[in-house]
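Enquirer: 3D, please:
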Amino acid sequence: MNTPAPKETTEAEATQTFCAVCLSLTLCFVVYSMLIVVVPVYGLQLGASPLVLGAVLSAQYLLPLALAIPLGGVVSRFGGRATLITGAGLMVAGLLAMHLWPGFGGLVLGQLLVGLAHLQMVLAAQTIIANLGAGPRLEKYFGWYSTWLSGGQVIGPLLAGLLLSASGTAYAFLVMAAFALVAGVVGFWLTGQATERIQVTRKQAGFRAQWALMQSNRGVQLSVLVTVLGMFALGVYGSYLPVYLESLAISPVIIGILVSLRAGVSMVIRPFMASIIELAGGRVNTVFLSLVTVSAGIALLGATEQVVVMGLLAVLVGIGSGLTQPLSMVILAESVDRAKRSGALGMRLMANRAIHFLAPLMFGLLLELGGFALAFGASGVAIAAALPIGRKLFKP
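Expert: Coordinates of the predicted model:
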């Protein structure tokens, strides 16, 4: 089926759409990063063991793992704006479930709904931005988009730490639901191509089509590899750093600061992405140097109990993750045409959520076997061990 040519987007429409999608997703990531701090603390209050806590944290990635590729087709058929707004509503529902149904039942149901909502909003946003330009302009859009999201990841843990210090978990989920509601309202400002629908068939957007694309397209392969390694590191860091710090009797405010520090460094470095790519000798070199930095930061986290040292390691993780994720999106967006873009981004996010689902479970098992030093160390080594394979497959 031929895809109709997109309508010409004016500069004003592009600017309005870009600002609206950035603001909406920033609020989404404020909520998401608040959950990173609140859910482990709440789980420990409910008496969860490390393995049970890993299962609760992984529940958020279960539905996205199964539905990421079909949702790519949904974004194409119904448009980015409608998909984003619906996702925000689903996120509100998940957060209200956690607030209104205390205990593991409400927590798991909320995690499932929030995970699906987050995937829906992110996939819609990435598709919208990928259609705004190409080349250096696309690098600029994704660089600044990622900077906005990092801002949300900085604010979220800080707010969570303050809320936990002031009132515990009593009102935390309700406050998050308010942020998610505002994110949905902002979505109504999206215009231009964000409102367009593309007629795609199951053959174009289904699992078989994405698997064929994965087998044949080197850019897609590189993007998925980067996502898997980078998201494994962030999954381990985001899910269990608060647990580790809690075990050291560190205050919730300091926990929030350390979790936010990684996102803050990522936010600061992303506007300089183009210059860093030039200095490193290209996108591929930048990707692999960034992953080396991430693996070093993760591997050494469990070897220290000093807050200052953990802060320095958080900076290393922030530098690496600040570059890998926007580069992964740019590489994929430029490797496929517009009709296949939502599906390909869905496949990338499926890999993203798969590793997010597995990482807490794997880390929880290692934690029960040998403690935090072994769990963090093995995770960093696993990332480093995959780099020579990627370097051989994807030489610049």
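Enquirer: Which strands and helices lie in contact with the one helix or strand residue 364 maps to?
Expert: Taking DSSP states H and E as the definition, one finds residue 364 inside helix 338-393. Packing partners of helix 338-393 (3 or more Cβ pairs under 8 Å, 6 or more residues apart in numbering; DSSP states H and E): helix 50-59, helix 62-78, helix 104-130, helix 202-205, helix 207-216, helix 218-247, helix 283-301, helix 307-333. Placement of C-beta: from N, CA and C, glycine included.
Enquirer: Turn those helices into CSV, including distance to residue 166.
Expert: Putting the helices and strands packed on helix 338-393 into CSV (distance: least, Cβ to Cβ, whole Å) gives the following:
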stretch, distance to residue 166
helix 50-59, 24
helix 62-78, 32
helix 104-130, 21
helix 202-205, 46
helix 207-216, 45
helix 218-247, 17
helix 283-301, 28
helix 307-333, 22
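Enquirer: Out of those, which gets nearest to residue 139?
Expert: helix 307-333 (5.5 Å; Cβ to Cβ).
Enquirer: The closest one: how far from the chain's middle?
Expert: 12 Å (Cα atoms, centre = their mean, to the nearest Å).
Enquirer: Would you mind confirming that residue 25 is in contact with residue 144?
Expert: No. Look at residue 25 against residue 144 with Cβ atoms under 8 Å: they stay out of range, at 11.8 Å.
Enquirer: Surely residue 41 and residue 172 touch.
Expert: No. Taking contacts as Cβ under 8 Å, residue 41 lies outside contact range of residue 172: 9.1 Å.
Enquirer: quick one: common contacting residues for the two?
Expert: residue 164 (Cβ atoms under 8 Å, 6 or more residues apart in numbering).
Enquirer: quick one, which of residue 25 and residue 144 is more surrounded?
Expert: residue 25 (29 against 17; other Cβ atoms under 10 Å).
Enquirer: name the element that one belongs to?
Expert: helix 11-45.
Enquirer: Measure how that helix sits relative to helix 218-247, angle-wise.
Expert: Following axes from the mean of the first three to the mean of the last three Cα atoms, to 10 degrees, one obtains 40 degrees for the angle between helix 11-45 and helix 218-247.
Enquirer: Mind listing what's buried along helix 11-45?
Expert: 13-14, 16-18, 20-44 (16 or more other Cβ atoms under 10 Å).
Enquirer: Could you give the number of residues near the closest residue in space to residue 126 that isn't next to it in sequence?
Expert: What sits nearest to residue 126 in space, not counting adjacent residues and going by Cβ to Cβ, 6 or more residues apart in numbering, is residue 345, at 5.1 Å. By the criterion of other Cβ under 10 Å, residue 345 has 27 neighbours.
Enquirer: wait, doesn't residue 345 sit right on residue 332?
Expert: Yes. The pair residue 345 / residue 332 is scored as a contact, 6.5 Å apart, by Cβ under 8 Å.
Enquirer: Compute the number of surrounding residues for residue 102.
Expert: Neighbours around residue 102, by other Cβ under 10 Å: 14.
Enquirer: And it, its phi and psi?
Expert: phi -60, psi 150 (degrees, to the nearest 10).
Enquirer: give me every residue that touches it.
Expert: No contacts exist for residue 102 under Cβ under 8 Å, 6+ apart.
Enquirer: And for residue 173?
Expert: Residue 173 sits in contact with 38, 95-96, 98-99, 110, where contact means Cβ under 8 Å, 6+ apart.
Enquirer: next one: residue 151
Expert: Counting by Cβ under 8 Å, 6+ apart, residue 151 has contacts 26, 263, 267.
Enquirer: How about residue 293: what's its closest non-neighbour residue?
Expert: residue 320 is the one closest to residue 293 (Cβ to Cβ, 6+ apart), at 3.7 Å.
Enquirer: Run through the neighbouring helices and strands of the helix holding residue 25.
Expert: Against helix 11-45 (3+ Cβ pairs under 8 Å, 6+ apart) you get helix 50-59, helix 80-100, helix 104-130, helix 135-167, helix 172-186, helix 218-247, helix 252-269.
Enquirer: how about 6 Å then?
Expert: Applying 3 or more Cβ pairs under 6 Å, 6 or more residues apart in numbering; DSSP states H and E, one finds that helix 11-45 contacts helix 104-130, helix 135-167, helix 172-186, helix 218-247.
Enquirer: Nearest to residue 362, out of these?
Expert: Using Cβ to Cβ, the helices and strands packed on helix 11-45 put helix 218-247 closest to residue 362, at 8.4 Å.
Enquirer: Identify each buried residue in stretch 346-365, please.
Expert: So stretch 346-365, judged by 16+ other Cβ under 10 Å, has buried residues 346-364.
Enquirer: tally of neighbours for residue 218?
Expert: Neighbour number of residue 218 under other Cβ under 10 Å is 11.
Enquirer: Can you verify my assumption that residue 384 contacts residue 293?
Expert: No. When contacts are counted by Cβ atoms under 6 Å, residue 384 is not listed as touching residue 293 (10.7 Å).
Enquirer: who's more crowded, the two?
Expert: residue 293 (21 against 17).
Enquirer: now that one: how far from residue 215?
Expert: 30 Å (Cβ to Cβ, to the nearest Å).
Enquirer: what do you get for residue 244?
Expert: 39 Å.
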